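Asks: Provided below are the primary sequence and the corresponding predicted coordinates.
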There are 2 protein chains.
Amino acid sequence: MIDKKIKKSNERCALQEILSIIGGKWSMSIIYALFPGTRRFSELERLIPNINTRMLVKELKNMEANGIVSRKVFATVPPTVEYTLTTKGEKLEPIINELHKWGLEYVN
Amino acid sequence: MIDKKIKKSNERCALQEILSIIGGKWSMSIIYALFPGTRRFSELERLIPNINTRMLVKELKNMEANGIVSRKVFATVPPTVEYTLTTKGEKLEPIINELHKWGLEYVN
DNA sequence: GTAAGTACTTTCAAAAGTAAAGTAATGTAT
DNA sequence: ATACATTACTTTACTTTTGAAAGTACTTAC
């Protein structure tokens, strides 16, 4: 009984934690844009409609800190920065695709 | 070519729309709490740690407006209100469970 | 020397979220 | 009779997050 309650509580916390990482307005769209492969900052900015620079920077930083994307800087002029999904991030692909399918079927 | 671009754009829009419905900070936790079955307002309030009344009301209204939960009022004193997932809402169960599993495996 | 390109940063207003107290209706305890 | 409790919300005042727009640093091309 007590075990069950603790377990349930942990489960809900886990969900809250997950959402703090990828529950933001833009995170999933960014991850979605990274599924086909590595993208540069400006590419992401062009690929995701209506996102603003500040939010893209913030979400990428957050996701990098949480091991979902990796960041690679090239000392070119002008500078080049590449973002790639980590294995952890790639594992979200089927989930986000399912969510997307749900939307196509039920939204509108 | 043009078709593909339009399709991609629509796809990303769908994701944005989905998130405007269930991407809020609390929506998924509420849906998760409704998986086992119908719950009253005060039950949800107790089941979801740290949520505040105003947000629970807001999210439930939003989800009702989007056909994810149904609301049933009983003219008792004090009043009783029951919330239940619709079919549309129930279809999110496997997705949210997968997301949850992902969290258990990769978060922390 | 002016413009262009990249990857950000800064500033300030607007929107979303939080905390705490209040409301209406009535039934129970003192 | 008066105070208190219960339920499902509202209301108000406040803090945090997000958004829009402009700015920065660096170097190459014209």
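Replies: Alright, I've got the coordinates. Residues are numbered from 1 along each chain as shown, chains lettered A, B, ... in the order given.
Asks: secondary structure element for A:Ser70?
Replies: strand A:69-74 (DSSP states H and E).
Asks: from the contact counts, what lies against that strand?
Replies: Strand A:69-74 sits against helix A:27-34, helix A:53-65, strand A:80-85, with contacts defined as 3 or more Cβ pairs under 8 Å, 6 or more residues apart in numbering or on different chains; DSSP states H and E. Heads up, the C-betas are built off the backbone N, CA and C, glycines and all.
Asks: chain A against DNA strand C: which residues are in contact?
Replies: Proximity of chain A to DNA strand C (Cβ under 7 Å from any atom of the strand) is limited to residues A:40-43, A:53-54, A:57, A:71, A:77-81.
Asks: apply 6 Å and report the result again.
Replies: Within chain A, the positions adjacent to DNA strand C are A:40-42, A:53-54, A:57, A:78-81 by Cβ under 6 Å from any atom of the strand.
Asks: sorry, back to before: the strand holding A:Ser70 pairs with which strands, and in what direction?
Replies: strand A:80-85 (antiparallel) (DSSP bridges).
Asks: buried set for the partner strand?
Replies: By neighbour count on 16 or more other Cβ atoms under 10 Å in any protein chain shown, the buried set for strand A:80-85 is A:82-83, A:85.
Asks: for those, could you give me CSV that also reports pLDDT?
Replies: Shown next, in CSV, are those (pLDDT from 0 to 100):
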residue, pLDDT
A:Glu82, 97
A:Tyr83, 97
A:Leu85, 98
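Asks: nearest to A:Tyr32, of those?
Replies: Among those, A:Leu85 lies closest to A:Tyr32 (Cβ to Cβ), at 10.3 Å.
Asks: highest average neighbour count across the helices and strands packed on strand A:69-74?
Replies: helix A:27-34 (a mean of 23; mean count of other Cβ atoms under 10 Å in any protein chain shown).
Asks: and the contacts of the helix or strand that that helix is followed by?
Replies: For helix A:27-34, the following helix or strand on the C-terminal side (DSSP H and E) is strand A:39-40. With contacts defined as Cβ atoms under 8 Å, 6 or more residues apart in numbering or on different chains, strand A:39-40 is touched by A:33, A:47, A:80-84.
Asks: now do stretch A:68-82
Replies: Contact partners of stretch A:68-82, identified using Cβ under 8 Å, 6+ apart, comprise A:21-22, A:30-31, A:34, A:38-41, A:60, A:63-64, A:83-86, A:88-89, A:92.
Asks: now that stretch: buried residues?
Replies: Within stretch A:68-82, the residues that count as buried by 16+ other Cβ under 10 Å are A:68-69, A:82.
Asks: can that stretch be found next to DNA strand D?
Replies: Yes: counting by Cβ under 6 Å from any atom of the strand, DNA strand D is contacted by stretch A:68-82 at A:77-78.
Asks: and that stretch, C-alpha only, in PDB?
Replies: This file holds the C-alpha atoms of stretch A:68-82, laid out as PDB (Å, rounded to 0.1, in the frame of the first residue of the first chain):
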ATOM      1  CA  ILE A  68      19.000  15.600 -25.700                       C
ATOM      2  CA  VAL A  69      21.100  17.500 -28.200                       C
ATOM      3  CA  SER A  70      24.800  17.900 -28.700                       C
ATOM      4  CA  ARG A  71      26.400  21.100 -29.900                       C
ATOM      5  CA  LYS A  72      29.500  21.400 -32.100                       C
ATOM      6  CA  VAL A  73      31.200  24.600 -32.900                       C
ATOM      7  CA  PHE A  74      33.400  25.200 -35.900                       C
ATOM      8  CA  ALA A  75      35.800  28.100 -35.900                       C
ATOM      9  CA  THR A  76      34.900  29.300 -39.300                       C
ATOM     10  CA  VAL A  77      34.000  32.900 -40.400                       C
ATOM     11  CA  PRO A  78      31.200  33.500 -40.000                       C
ATOM     12  CA  PRO A  79      30.900  30.900 -37.200                       C
ATOM     13  CA  THR A  80      29.100  27.600 -37.700                       C
ATOM     14  CA  VAL A  81      27.300  25.700 -35.000                       C
ATOM     15  CA  GLU A  82      25.800  22.300 -35.500                       C
END
